[in-house]
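Asker: Sequence plus the predicted model coming up.
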Amino acid sequence: MDAGTAGQLSFGVLAGIVIVALLFDFMNGFHDAANSIATVVSTGVLKPYQAVVLAAFFNFVAVFVFHLSVATTVGKGIVDQGIVDHHLVLGALIGAISWNIITWYYGIPSSSSHALIGGIVGAGVVKAGSGALIPAGLLKTVAFIFISPLMGFVLGSLLLLTISWLFVRSTPSRVDRLFRRLQLISSSLYSLGHGGNDAQKTVGIIWMLLIAGGYTHPRDPVPAWVVTACYATIGLGTMFGGWRIVKTMGQRITKIRPVDGFCAELSGSITLFLATSLGIPVSTTHTITGSIVGVGSTHSVSAVRWGLAGNIIWAWILTIPCSAFIAAVAWLIAQMILS
């Protein structure tokens, strides 16, 4: 459809909402930077500025590794495309951004992914009712709220037990030296998985906007500029980091050694790679938290601060309904202002 065609969203409104979407993408990287770097910083393997540069680089490199299956789920698999318009997209983004700001301020590692999904759901339901939701896409996303931390927990525990058995005759200092080097690899892999899954969520919502606005056809591929912009923006967000959350993730849940960090990051990476290949917008926060708890509980149940972990779980449970509520209110306001 050519610019200026009747029914097409004006370029100015489109550009404004794309900027808001990229702001969400930046905040996603900023908010979730701790997931990629908390363990490698807390173990002293890298200084914070070194860790964020490494994480940002691999966030962007993910553009060359993963197919856009997560973007397809977000853009076409959560709500019926027939109800999508710029009001809905803007409401969803405001809901997600607002919840991210609230949880960042209080240092709570919540999920940017589920905040966005909640935003889409909230704006979609207030506009067209629950019948506009697509059960298949929504259910697999909700299921991974529980599956991803459980996978991280189990894999993290098994990896640490296996390594403990393999290195039972090695001195602690030798193990520490080895896994300080290996943690550079595991941290890079986790950042790659983070970029691959999370950047695609913004790709999906901008794609949704372009289709609804008449700038691209639903069967056309995602424009290359959208993909490049989203991966670059999440990398920049990671560069600035979320230092409030680093402390929670890296030391307040459980004490982390290089071997623990390696196991947590590698198990988290496996989970993210699997979810991305299946097109599931999984939470990197849930994944790495489950992995860290799994590694800590392998040492001792008392090694994990379960009260803090419980508070984080409550934040997970509240993310979708709270961001959905904010998005519903934002949709109503956008409807009045932009109509």
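Answerer: The structure has been received and is ready for your questions. All values derive from a computational prediction rather than experimental measurement.
Asker: where are the low-confidence patches of the protein?
Answerer: Low-confidence segments of the chain (pLDDT under 70): 1-7, 33-36, 108-109, 241-255, 300-312, 338-339.
Asker: longest helix anywhere in it?
Answerer: Using DSSP state H, we find that the single longest helix of the chain is helix 172-212.
Asker: Using CSV, write out every CA atom in the helix or strand following that helix.
Answerer: Using DSSP states H and E, the helix or strand that follows helix 172-212 in sequence is helix 224-240. Provided in CSV are the C-alpha atoms of helix 224-240 (Å, rounded to 0.1, in the frame of the first residue of the first chain):
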residue,chain,number,x,y,z
ALA,A,224,15.2,-5.3,7.5
TRP,A,225,15.3,-1.9,9.1
VAL,A,226,13.0,-3.0,11.9
VAL,A,227,15.1,-6.1,12.7
THR,A,228,18.4,-4.1,12.7
ALA,A,229,17.0,-1.2,14.7
CYS,A,230,15.6,-3.5,17.4
TYR,A,231,18.8,-5.5,17.9
ALA,A,232,20.9,-2.4,17.9
THR,A,233,18.6,-0.7,20.5
ILE,A,234,18.5,-3.6,22.9
GLY,A,235,22.3,-3.7,22.7
LEU,A,236,22.5,0.0,23.6
GLY,A,237,20.1,-0.6,26.5
THR,A,238,22.3,-3.4,27.8
MET,A,239,25.3,-1.0,27.6
PHE,A,240,23.7,1.3,30.1
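Asker: wait, doesn't residue 118 sit right on residue 98?
Answerer: No - contact criterion CB atoms under 8 Å: residue 118 and residue 98 do not qualify, at 10.7 Å. In short, each C-beta sits where N, CA and C put it, glycine included.
Asker: Counting neighbours, go ahead and name the busier of those two.
Answerer: A count of neighbours by other CB atoms under 10 Å puts residue 118 above the other of residue 118 and residue 98, at 26 against 19.
Asker: Hey, what's the angle from whatever helix or strand the more buried one lives in to helix 224-240? Just curious.
Answerer: Taking DSSP H and E as the definition, one finds residue 118 inside helix 112-128. Counting by axes from the mean of the first three to the mean of the last three CA atoms, to 10 degrees, helix 112-128 lies at 130 degrees to helix 224-240.
Asker: So which elements touch helix 112-128?
Answerer: helix 11-42, helix 69-76, helix 86-105, helix 135-166, helix 172-212, helix 306-338 (3 or more CB pairs under 8 Å, 6 or more residues apart in numbering; DSSP states H and E).
Asker: need the contact list for the nearest residue to residue 154 once chain neighbours are set aside.
Answerer: Leaving aside its sequence neighbours, residue 154 sits nearest to residue 294 (CB to CB, 6 or more residues apart in numbering; 6.5 Å). Contact analysis of residue 294 by CB atoms under 8 Å, 6 or more residues apart in numbering lists 152-157, 160, 264, 267.
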